[in-house]
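next one to model:
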Amino acid sequence: MAKPVQIEVWNPNGKYRVVSTKPMPGTRWINLLIEQDCRVEICTQKKTILSVEDIIALIGDKCDGVIGQLTEEWGETLFAALSRAGGKAFSNMAVGYNNVDVNAANKYGVAVGNTPGVLTETTAELAASLSLAAARRIVEADEFMRAGLYDGWLPNLFVGNLLKGQTVGVIGAGRIGSAYARMMVEGFKMNLIYYDLYQSTRLEKFVTAYGQFLKANGEQPVTWKRAATMDEVLQEADVISLHPVLDKTTYHLINKERLATMKKEAILVNCSRGPVVDEVALVEHLKQNPMFRVGLDVFEDEPYMKPGLADMKNAIVVPHIASASKWTREGMATLAALNVLGKVKGYPIWGDPNRVEPFLNENAPPPAASPSIVNSKALGLPVSKL
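Now for the predicted structure:
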């Protein structure tokens, strides 16, 4: 039996009991719950990842809903415990829900929420930041300065790659992949090659229009190409950013064989899901190709890195911070809270989970709807007409 966990309580006399397994940024999400007669309990335990036993202790005997995190394993045991406590709602504070057994949630009639529509630009910005940092060897140069090794300008000191005129490759041209592509094309005048199962017409039109603008101003126009295969992107691009979903077809999408097809001085960026890259193969490739560079925000066995990765000077590694802008994280907390609140109050489901601006407007009450419930169809939940 797990020991009782430390909590912070807001509105102790509230009718509905909502638990958050972690403190979340901002206070708007708390206030929105309190305004709807919720007692809010926030776990303040000094523990990065709560165990299943910890969360069961948090749920207790009566709980209407839980806001959880991507690091927690929400399966049969937790959904059974939540159901026994009378709970009907769970929301990840994340767009992904690989940590959730949705079938188990369906079995117990628990709505599962996530938070899309608020991470697009923030995640794309980090991918662009990693691309630039890798190209210009910024992290290496920073460490060099801090170590007191700089004793004067040298012609060959930390020479990196110019992005202008090179080709950026995008694998997965959905919302985030397309936003990243636009940043790299417009920001650095890079040509685009992308691979996606579906044609990204809006992205193609954007690059075409920007190319026409450059040509009209006497500059070399940028170009775009939709690749027939992913391997075509890997072979042709100078900078490659990964934005696929994670499923059986994309596990170890980047492996030893595909790394070998990439340019020797290519840059690989991953802000999608860690297991998309075979990290052991990547470490070996970095060792054998010192001018090949990588920027990683996610890892195969997160929070751990495969042996040797941390020692690679040609690798930039950051701790899953793609969504870590103040606006985005506070927005994610708000959306997660409103997912739970909506189910508790019997609200319908918002019609388009990627258009969530009305929920984020702090100058007006949010719509009476759950922003995004991934198993709404399975549970037969009504859709909002707002």
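
need the longest helix for this protein.
helix 326-345 (DSSP state H).

quick check: next helix or strand after that helix?
Under the assignment DSSP states H and E, the closest C-terminal helix or strand after helix 326-345 is helix 357-360.

please name every helix or strand in contact with the following helix or strand past that following helix.
Remark: after helix 357-360, the chain's next helix or strand is helix 376-379, criterion DSSP H and E. In terms of contacts (3 or more C-beta pairs under 8 Å, 6 or more residues apart in numbering; DSSP states H and E), helix 376-379 is packed against helix 102-107. C-beta here means a position set from N, CA and C on the backbone, and glycine is covered the same way.

report the buried residues of the helix it packs on.
104-105 (16 or more other C-beta atoms under 10 Å).

got the CA positions of it in CSV?
Output in CSV follows, covering the C-alpha atoms of helix 102-107 (Å, rounded to 0.1, in the frame of the first residue of the first chain):
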residue,chain,number,x,y,z
VAL,A,102,-7.8,3.9,-24.4
ASN,A,103,-9.5,0.5,-24.6
ALA,A,104,-9.2,0.2,-20.8
ALA,A,105,-10.7,3.6,-20.5
ASN,A,106,-13.6,2.6,-22.8
LYS,A,107,-14.2,-0.5,-20.7
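
need the contact partners of it.
74-76, 79-80, 90, 111-112, 374-375, 378-379 (C-beta atoms under 8 Å, 6 or more residues apart in numbering).

again with stretch 197-206
So stretch 197-206 is contacted by 173, 178, 181-182, 185, 192, 194, 224, 226 (C-beta under 8 Å, 6+ apart).

state the pair within those that is farthest apart.
Largest separation among the contacts of stretch 197-206 by C-beta to C-beta: 182 and 226, giving 15.4 Å.

sticking with residue 12, tell me its helix or strand.
Using DSSP H and E, no helix or strand contains residue 12.

which ones are touching it?
residue 39.

which strand or helix spans residue 257?
Counting by DSSP H and E, residue 257 is part of helix 256-261.

residue 100 contacts residue 113, doesn't it?
No: counting by C-beta atoms under 8 Å, residue 100 sits too far from residue 113 to count as a contact (9.8 Å).

which one's more surrounded, these two?
Neighbours were counted for residue 100 and for residue 113 using other C-beta atoms under 10 Å; residue 113 has more, 33 against 27.

show me what contacts that one?
Per C-beta under 8 Å, 6+ apart, neighbours of residue 113: 89-92, 335-336, 339-340, 343, 370-374.

now render those residues as CSV, adding distance to residue 9.
Formatted as CSV, these follow (distance: C-beta to C-beta, whole Å):
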residue, distance to residue 9
89, 19
90, 20
91, 20
92, 23
335, 23
336, 19
339, 21
340, 17
343, 22
370, 24
371, 25
372, 27
373, 27
374, 29
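
distance check, the residue nearest to residue 378 when sequence neighbours are not counted against residue 84.
Nearest residue to residue 378, sequence neighbours excluded (C-beta to C-beta, 6 or more residues apart in numbering): residue 106, at 4.8 Å. Relative to residue 84, residue 106 is positioned 17 Å away (C-beta to C-beta, to the nearest Å).

check residue 354 too.
Taking C-beta to C-beta, one finds residue 354 at 34 Å from residue 84.

same thing with residue 335?
In terms of C-beta to C-beta, residue 335 sits 27 Å off from residue 84.

equivalent analysis for residue 347, please.
Distance from residue 347 to residue 84, by C-beta to C-beta: 24 Å.

which of these two has more neighbours?
Set residue 347 next to residue 84 and count neighbours by other C-beta under 10 Å: residue 347 wins out with 19 against 14.

give the contact list for the more buried one.
341, 368-370, 384.

show me where this structure dips below the pLDDT cut-off.
1-3 (pLDDT under 70).

show me where it has helices.
28-35, 52-59, 76-84, 102-107, 120-135, 138-146, 175-188, 201-216, 230-236, 256-261, 279-288, 326-345, 357-360, 376-379.

next, the buried residues of the second one.
Of the residues in helix 52-59, those buried by neighbour count under the rule 16+ other C-beta under 10 Å are 54-59.
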